[in-house]
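1. Give me a model of this one.
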Amino acid sequence: MKRSDFIQRLVDAQLINPFIGIVLFFVIAVCLFSGCSDLRQPVLSAVSHDRTQDGTVGFSGRVVGLEGESIAGLSLAIQHVMFDDYTDEAEWIQPLETETDEDGAFSFRGITPGQVQLILPFDIDTEKQFYVEPEDEILSIKIGEVTYHQDAPYAFGGITFTITPGVHIQNVEVKVRPRMRIRGRLVFNDGSPLADARIRISMRQEDLDGSGGGSSGGGTQTDADGTFTEYVSGGGLYTVTVAYQDLSVTSEQFVLNAGERREDLLLMFDSAPIAPVAEDVETSTPPAFDRRGVWVVNPENGHAYKEVYVEGPEEAKALATAENAYLVSINDEMEQRWLEGLFDPAPFWIGLSDVETEGEWQWDSGEPVTYTNWSPNEIFPDDLDDAEKDYVVKIFTGEWQAVGTESPFWRITRRAILEADELPAGALTAE
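-> Have a look, this model is predicted:
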């Protein structure tokens, strides 16, 4: 079905301009996938519109798996989407969260009218300041007789649509599937696990037909049993390398077909257990943040940080200069994790760029680049050459991605983090 036909049919049903969404940012909610129940009767195909009295929007339906089975215990969120008109005075609208019941049913009420996005939220390990990705991905949403499919890549994606005030959309069917992943366990040569540690992963993927491949890398966290999870986006021949402090280990190459999961990867360091570094066992907990453009001081380095709304990186730099600050420089993993705990997982502009010399990344502050946190898998990939990607966004996972003016993240990233070496005089601070 053409998009224009889809839009017209939803306009007729009192929905306006629905389109496939790009996940914009965060929700802080528990996200778990608890399995599938018995096959249920299909949902009603008609769209019902009950009018709400206060002008807010209702949205309800059922989540099903690939075979139409009900998905129970799955967390969902409705995020208000604001692509334009970001200002320092922009109203913050709290995302709404819910969980499917034993029949896969869900219901949202009190949604502010306008552009909203149905997404699967992140979980947050508040103790370790670590974001846990959703285990599933949304494939499609059915409203009335119309089914709209999400374009790949699915990771973190949702369906974005606009609802008119006072409408309650009912009998929506949301179809999800488990995301592809590689789950491994790290142990030392005595069999003891590398528990609760920050690790670096490098992943090599080759196409099954030998036509191509690539490598990616990034950071993640092991649990108490030494287990880690990395989500991937396609089938192929995989080789996984994990580094921890001065140790590294590489897996044998293995096949992962489209839609499959590898759950039993075991990697052993050729070393006796070593003591964890400080970053593995302790990190400062940031204060509560009210999100209204206030400065917050990091007790580890004494620097102050502030969130601002901007149209792009150049405006962010101008705002920073006006406040005797600069776009944030992230110099080590401790600072990275502190920022992840302070600010939500929305995409933010950071102060890294290679505008002056292609391929030579530099901080806006002039500090040397001593730490990086590049995303192992590009979210919302584009067709730009590396030379066209001069700026960097901190994406939903906390990892970094280089972007250009034609990248999807350039259009949706409307926030930046400013940093100052000391609290600016007269600055509004968080209580």
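
2. all helices of the stretch 301-431 of the chain, in order?
-> In the stretch 301-431 of the chain, the segments counted as helices under DSSP state H, counting those that start in this stretch are 313-322, 333-342, 408-412.

3. And these: which comes nearest Ile163?
-> Closest to Ile163 of those is helix 408-412 (CB to CB; 19.9 Å). All C-beta atoms are positioned from the backbone trio N, CA, C, and that covers glycine.

4. pLDDT of the closest one, averaged?
-> pLDDT averaged over helix 408-412 equals 87, rounded to a whole number.

5. what's the answer for stretch 248-264, then?
-> The average pLDDT within stretch 248-264 is 94.

6. So, low pLDDT: which residues of the stretch 201-350 of the chain?
-> Within the stretch 201-350 of the chain, the stretches with pLDDT under 70 are 215-218, 277-293.

7. can you do 80?
-> With pLDDT under 80 as the threshold, the stretch 201-350 of the chain has low-confidence stretches at 210-219, 276-293, 341, 343-345.

8. Go through the helices of the stretch 301-431 of the chain and pick out the most buried.
-> Ranked by mean neighbour count under mean count of other CB atoms under 10 Å, the helices of the stretch 301-431 of the chain are led by helix 333-342, which reaches a mean of 21.

9. Report all helices and strands that it contacts.
-> strand 130-132, helix 278-281 (3 or more CB pairs under 8 Å, 6 or more residues apart in numbering; DSSP states H and E).

10. roughly how far is that helix from the heart of the chain?
-> Put simply, helix 333-342 sits 15 Å off its chain's centre (CA atoms, centre = their mean, to the nearest Å).

11. Would you mind writing the CA trace of it as CSV?
-> Listed next in CSV are the C-alpha coordinates belonging to helix 333-342 (Å, rounded to 0.1, in the frame of the first residue of the first chain):
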residue,chain,number,x,y,z
GLU,A,333,34.1,5.9,31.3
MET,A,334,33.2,7.3,34.7
GLU,A,335,32.1,10.6,33.2
GLN,A,336,30.2,8.8,30.5
ARG,A,337,28.3,6.7,33.0
TRP,A,338,27.6,9.7,35.2
LEU,A,339,26.1,11.5,32.2
GLU,A,340,24.0,8.5,31.3
GLY,A,341,22.6,8.4,34.8
LEU,A,342,21.9,12.2,34.8
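
12. okay, the helices of the stretch 301-431 of the chain in a markdown table with distance to Ile199 next?
-> Below are the helices of the stretch 301-431 of the chain laid out as a markdown table (distance: least, CB to CB, whole Å):
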| stretch | distance to Ile199 |
| --- | --- |
| helix 313-322 | 30 |
| helix 333-342 | 11 |
| helix 408-412 | 26 |
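
13. Can you list the strands that the longest strand along the chain pairs with?
-> The strand spanning the most residues in the chain, taking DSSP state E as the definition, is strand 167-178. As defined by DSSP bridges, the strand partners of strand 167-178 come to strand 49-51 (antiparallel), strand 57-64 (parallel), strand 136-143 (antiparallel).

14. Out of those, the one nearest Gly236 is which?
-> Between Gly236 and those, the shortest gap by CB to CB is with strand 136-143, which sits at 18.1 Å.

15. continuing past the closest one, what's the next helix or strand?
-> Remark: after strand 136-143, the chain's next helix or strand is strand 146-149, criterion DSSP states H and E.

16. Now do the helix or strand just after that next one: distance to the chain's middle.
-> Read in the C-terminal direction, the helix or strand following strand 146-149 is strand 158-163, with elements assigned using DSSP H and E. Relative to its chain's centre, strand 158-163 lies at 18 Å (CA atoms, centre = their mean).
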